[in-house]
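> no sequence on hand, only this structure:
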């Protein structure tokens, strides 16, 4: 069963826009788990424009399922991982100032940079996932570097889905089967929503996890958060059962 990790960054963005504690992320994250989410994802950026360092540490004590901490592996991020030992550390190639994660790692160009970082994170007991494009050469290098999983950057899939969903999934499906042969687990994230999620899972039935934030929180404005989480879980089940 593909797991749903809810990225709560946007909850913190709304809170930060006004200040104070509303909406209260420390109440909402446990509710997401109660309502069916399999875990919580956060991305504590250095500018703290959404999730803060304080949020991350406090949420680590509240999350009862899987805690996934995304980030660029600088000194600050590595200190977070060392101290909190989250279930999963998802490494993204985002430098400061990037609006959102919009590309995957070039694992060949960054192999010497990543190999020691991956080893260090795994020594703390956290699973390591690398955010990556559906490119077999880069995926093979990720396996050689010691990553446990990859997280497929699904922005291009979502962009092409409405025009031609068969073409949109092609590279991702091929890359996923290749990654599986390399012994890697497979996650996916970015621009996944109620429209394109089931088709992704139908074509990658062994997908371990999807991390969804922006679309899910946006849908919650229409449908309510509890109902929205159930709607996403239903799409996952629909994709698996086809």
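Structure received. Computed from a predicted model, the values in this text were never measured in an experiment.

> flag the shaky bits of this protein, pLDDT-wise.
96-102 (pLDDT under 70).

> for the residue nearest to the spatial centre of it, give me phi and psi.
Geometric centre of the chain, nearest residue: residue 211, 3.8 Å, by CA atoms, centre = their mean. Backbone torsions for residue 211, taken as degrees, to the nearest 10, come to phi -110, psi 120.

> in contact with it, which residues?
5, 7, 41, 68, 70, 90, 151, 187-189 (CB atoms under 8 Å, 6 or more residues apart in numbering). Every residue, glycine included, has its C-beta placed from N, CA and C.

> ditto for residue 238
198, 201-202.

> and the end-to-end length of stretch 88-95?
End-to-end span of stretch 88-95 (CA to CA, to the nearest Å): 20 Å.

> neighbour-wise, which one of the contacts of residue 211 leads?
residue 151 (29 neighbours; other CB atoms under 10 Å).

> the closest residue in space to it that isn't next to it in sequence: which element?
The shortest distance from residue 151 to any non-neighbouring residue, by CB to CB, 6 or more residues apart in numbering, is to residue 187 (4.0 Å). Using DSSP states H and E, residue 187 falls within strand 185-189.

> got a list of contacts for that strand?
Under CB under 8 Å, 6+ apart, the answer for strand 185-189 is 7, 90, 127, 129, 131, 148-154, 172, 176, 179-180, 200, 204, 206-212.

> which residue ranges form the helices in the protein?
9-18, 25-34, 53-62, 75-84, 111-123, 136-145, 155-161, 165-181, 197-203, 214-223, 225-241 (DSSP state H).

> what is the second one packed up against?
Read it as helix 25-34. helix 9-18, strand 39-42, helix 53-62, helix 225-241 (3 or more CB pairs under 8 Å, 6 or more residues apart in numbering; DSSP states H and E).

> can you do 6 Å?
helix 9-18 (3 or more CB pairs under 6 Å, 6 or more residues apart in numbering; DSSP states H and E).

> for the helix it packs on, buried residues please.
9-12, 15 (16 or more other CB atoms under 10 Å).

> which one of those sits closest to residue 222?
residue 10 (14.4 Å; CB to CB).

> residue contacts, the closest one?
213-214, 217 (CB atoms under 6 Å, 6 or more residues apart in numbering).

> and for residue 28?
Taking CB under 6 Å, 6+ apart, one finds residue 11 in contact with residue 28.

> against residue 59, how distant is it?
10 Å (CB to CB, to the nearest Å).

> tell me the one of the contacts of residue 10 nearest residue 165?
residue 214 (20.5 Å).

> okay, now the nearest residue to residue 204 once chain neighbours are set aside: neighbour count?
Spatial nearest neighbour of residue 204, excluding adjacent residues (CB to CB, 6+ apart): residue 176 at 4.6 Å. The number of residues packed near residue 176 is 24, by other CB under 10 Å.

> i'd like the first residue to be 15 from this point on
Shifting the count to begin at 15 puts that one at residue 190.

> enumerate every residue touching residue 185.
Contacts of residue 185 by CB under 6 Å, 6+ apart are residue 148.

> what about it, distance to residue 228?
For residue 185, the distance to residue 228 - CB to CB - is 23 Å.

> kindly report the same for residue 249.
Residue 249 is 16 Å from residue 228, by CB to CB.

> which one's more surrounded, the two?
Between residue 249 and residue 228, counted using other CB under 10 Å, the more crowded position is residue 249 (23 against 16).
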